[in-house]
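Asks: with the sequence up front, the predicted model follows.
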Amino acid sequence: MLAYGHGDVHAFEALYARHRGTLYRFLMRSCRDRASADELFQETWSRVVAARERYRPEAKFSTWMLQIAHNLWIDTIRRHRPQAGEEETEHVFRTLDAPETEQPDRLLSEFEQRRRLQLALEDLPDEQRTAFLLRMESELGLEEIAQITGAGQETVKSRLRYAFAKIRARFSE
Amino acid sequence: MSDKPSIDRELDAFLSGEDNEIARIYKKLPQSEPDARLDAAVLAMARGAVEPQRRAAIRHARAQHRLPGWMIGIGTAAGFVFAAGLAWQLRNSINPAPGGEMRPARESNDVINVTILAPPPPPPAAAPPSPPEPAARAAAPAAAQVAQDKDAMLEKLEAPRAKPEVHGVTEYTLPGGSAGRRPQPAPFSALGQDDRQERGNELDTVEVTGNRIRRVDLETAQPTLSLERDEIGADAKKQSNGKLGAPREEEIQRRRDLRAQAKEKAAAAPPAANAAAVAEPKADAGSDRILPVNSAGLQRNAKLPPDKWLLKIRELLQQNKRDEAIDNIDYFRAKYPSYPLPDDLRKLSDESQ
């Protein structure tokens, strides 16, 4: 990032190649909407580019970038509430996976597990989902998640605990 | 209540990076990625953002490395001056101007030593003036006297002629070296300007000692080529191959032949002409007695005042350098004919002759 701040385009290309998937998945699972995710993805990188000369390596680049993305997503939530609800999401998955879900043995196939996890994530409150996604997607620790979300570490740990409990509950249904 | 410790344990394992079921399932979720259009848009935006900055940086770097105009001008002018000077030097070294400025050779290897030998004794041409009428009556005795005088003079000159007679050493440079001529050594410079001019016109022998003789060897160098005007025709090849000219016997024989021819001519010549012919060598006797100098030591000694020169000669005798001492005495007598020479040195010189 420092190299790009001095005008090295190749440094940015390397940076982009390393973090594009992480950022996009974080946004995609936060927004649950590809268009919004695309918009936020581009806007996040735009903010990164604009802030290239102000960047100071006090934190990991991924933490800094995800913090930008998180803030943008929070702004989007505030602008677009209410979001698509659980019923809409369930409808989409049901449409796609009807034959699989209608198997008589009710065994939780792999696809069903993924679907249930997806539904569980959809059900989570935003703060809990963000904490969970940051941990799962970017493998961030409590401190980094707390930095990104602007919350305390204990708060982050509590959010993660609630998220785990709800996901477990979804799997045990 | 029983699930709470289980969740805590699972969370701790999750936070510590241990694999669990939820993490395993999460990794199997579709790995969404931005499409190519989005990638291109982001990269284009990033490139566009730094392009003005990059151009400004390039302009700044060029401005920093650009030399000021005045420096370019001075550099160009200096280059022209240097090139002109170089061309001038090359032109002078290739085509030295005749009679132009003399410059010393760059190396002693560039020097060819040319030794100018003394001309053969000119035919007697002058005689003491005699009254017109008695001249006719005394024609035969006068001719005989002329022949005798000439013989004596030639015999005196024969001994020094055994060695190369040197009027002076002139150094010429090879074409590869700088054109020029070094100052001539003392014996030659001791002569008057008119004498030098005369002897330059009378050059009949040239000895070339070679062109690869270093300065330190100049004193002991022997000529590798000796040419005499009389011998250039038929004996040129023979002379050029020999060292130090013809052998002494041949030289003496040649001198005797010349003497005999001169006697015959003197006998056949009219008395007035003989008288004139005899007068000339007497008039030039002093200058003809200037012996050749082909030794650097002799040249050095010749620069000394007469009294110091004599001391040098005695030193040579003490050092058992008899031949060199005799050469010095001969040359001393030629150079200072009126200077009173000590008897022992005079005897030594006479004995050698």
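Replies: Arrived safely. Quick caveat, the model's predicted, so the values are computed rather than measured. Residues are numbered from 1 along each chain as shown, chains lettered A, B, ... in the order given.
Asks: in stretch A:112-129, what counts as buried?
Replies: Under the neighbour-count criterion of 16 or more other CB atoms under 10 Å in any protein chain shown, stretch A:112-129 has A:112-124, A:127-129 buried. (Each C-beta comes from the backbone N, C-alpha and C, glycine too.)
Asks: the longest helix along chain B near chain A at all?
Replies: Assignment by DSSP state H gives helix B:36-65 as the longest helix of chain B. Yes - in terms of CB under 8 Å from any CB of the partner chain, part of helix B:36-65 sits within range of chain A, namely B:38-39, B:41-43, B:45-47, B:49-50, B:53-54, B:57.
Asks: next SSE downstream of that helix?
Replies: helix B:69-94 (DSSP states H and E).
Asks: would you write a PyMOL line that selects the buried entries of the residues of helix B:36-65 next to chain A?
Replies: Buried subset of those, written as a PyMOL selection, criterion 16+ other CB under 10 Å:
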select buried, chain B and resi 38+39+41+42+43+45+46+49+50
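Asks: any idea which element the spatially most central residue of chain A lies in?
Replies: Nearest to the geometric centre of chain A sits A:F26, at 2.6 Å (CA atoms, centre = their mean). Using DSSP H and E, A:F26 sits within helix A:9-31.
Asks: and the contacts of the helix or strand that that helix is followed by?
Replies: Following helix A:9-31 in sequence order, the next helix or strand is helix A:34-50 (DSSP H and E). Residues outside helix A:34-50 that contact it (CB atoms under 8 Å, 6 or more residues apart in numbering or on different chains): A:1, A:12, A:16, A:23-24, A:27-28, A:30-31, A:65, A:68-69, A:72-73, A:76, A:80, B:32, B:34, B:38, B:41-42, B:45-46, B:49.
Asks: would you list the buried entries among these?
Replies: Counted by 16+ other CB under 10 Å, the contacts of helix A:34-50 give A:1, A:12, A:16, A:23-24, A:27-28, A:30-31, A:65, A:68-69, A:72-73, A:76, B:34, B:38, B:41-42, B:45-46, B:49 as buried.
Asks: interface residues of the stretch 51-200 of chain B facing chain A?
Replies: Going by CB under 8 Å from any CB, the residues of the stretch 51-200 of chain B near chain A are B:Q53, B:R54, B:A57.
Asks: so what's B:D8 closest to, chain neighbours aside?
Replies: Spatial nearest neighbour of B:D8, chain neighbours left out: A:R161 (7.0 Å); criterion: CB to CB, 6 or more residues apart in numbering or on different chains.
Asks: ok, now which ones touch that neighbour?
Replies: For A:R161, the contact set (CB under 8 Å, 6+ apart) comprises B:I7, B:D8, B:L11.
Asks: B:I313 too?
Replies: Contacts of B:I313 (CB under 8 Å, 6+ apart): B:N301, B:A325, B:N328, B:I329, B:F332, B:L345.
Asks: was I right about the third one contacting B:L316?
Replies: This points to B:N328. Yes - using CB atoms under 8 Å, B:N328 is in contact with B:L316, at 6.5 Å.
Asks: more neighbours, the two?
Replies: Using other CB atoms under 10 Å in any protein chain shown, the more surrounded residue of B:N328 and B:L316 is B:N328, with 26 against 20.
Asks: contacting residues around stretch A:8-22?
Replies: A:1, A:3-4, A:45, A:49, A:61-62, A:65-66, A:137-138, B:31, B:33-34, B:39, B:42-43, B:46-47, B:50, B:54.
Asks: A:R52 touches A:M1, doesn't it?
Replies: Yes - here A:R52 reaches A:M1: they are 6.8 Å apart, a contact under CB under 8 Å.
Asks: A:T63 reaches A:E144, doesn't it?
Replies: Yes - in this structure, A:T63 is within contact of A:E144 by CB under 8 Å, at 5.0 Å.
Asks: what about chain A, any weak spots by pLDDT?
Replies: Applying pLDDT under 70 to chain A picks out residues A:80-108, A:173.
Asks: ok, now which ones touch residue 27?
Replies: If you meant another chain, say so; for now it's chain A. Per CB under 8 Å, 6+ apart, neighbours of A:L27: A:S36, A:A37, A:L40, A:F41, A:T44, A:A69, A:W73.
Asks: try 6 Å
Replies: By CB atoms under 6 Å, 6 or more residues apart in numbering or on different chains, the contact set of A:L27 is A:A37, A:L40, A:F41, A:A69.
Asks: swap in B:A63?
Replies: Going by CB under 6 Å, 6+ apart, B:A63 touches no other residue.
Asks: just the CA coordinates for the helix or strand where A:R159 lies, please, in PDB.
Replies: In the assignment (DSSP H and E), A:R159 maps to helix A:153-171. C-alpha atoms of helix A:153-171 as PDB (Å, rounded to 0.1, in the frame of the first residue of the first chain):
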ATOM      1  CA  GLN A 153     -13.300  -7.100  22.700                       C
ATOM      2  CA  GLU A 154     -15.700  -8.500  25.300                       C
ATOM      3  CA  THR A 155     -18.600  -7.200  23.300                       C
ATOM      4  CA  VAL A 156     -17.200  -8.900  20.200                       C
ATOM      5  CA  LYS A 157     -16.700 -12.100  22.100                       C
ATOM      6  CA  SER A 158     -20.300 -11.900  23.400                       C
ATOM      7  CA  ARG A 159     -21.600 -11.300  19.900                       C
ATOM      8  CA  LEU A 160     -19.700 -14.300  18.700                       C
ATOM      9  CA  ARG A 161     -21.100 -16.500  21.500                       C
ATOM     10  CA  TYR A 162     -24.700 -15.500  20.600                       C
ATOM     11  CA  ALA A 163     -24.000 -16.100  16.900                       C
ATOM     12  CA  PHE A 164     -22.700 -19.600  17.700                       C
ATOM     13  CA  ALA A 165     -25.700 -20.400  19.800                       C
ATOM     14  CA  LYS A 166     -28.200 -19.300  17.100                       C
ATOM     15  CA  ILE A 167     -26.400 -21.200  14.400                       C
ATOM     16  CA  ARG A 168     -26.300 -24.300  16.600                       C
ATOM     17  CA  ALA A 169     -30.000 -24.000  17.200                       C
ATOM     18  CA  ARG A 170     -30.600 -23.800  13.500                       C
ATOM     19  CA  PHE A 171     -28.600 -27.000  12.900                       C
END
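Asks: which of the contacts of A:L27 sits closest to B:R259?
Replies: A:F41 (125.4 Å; CB to CB).
Asks: could you tell me how many residues sit around the closest one?
Replies: A:F41 has 25 nearby residues by other CB under 10 Å.
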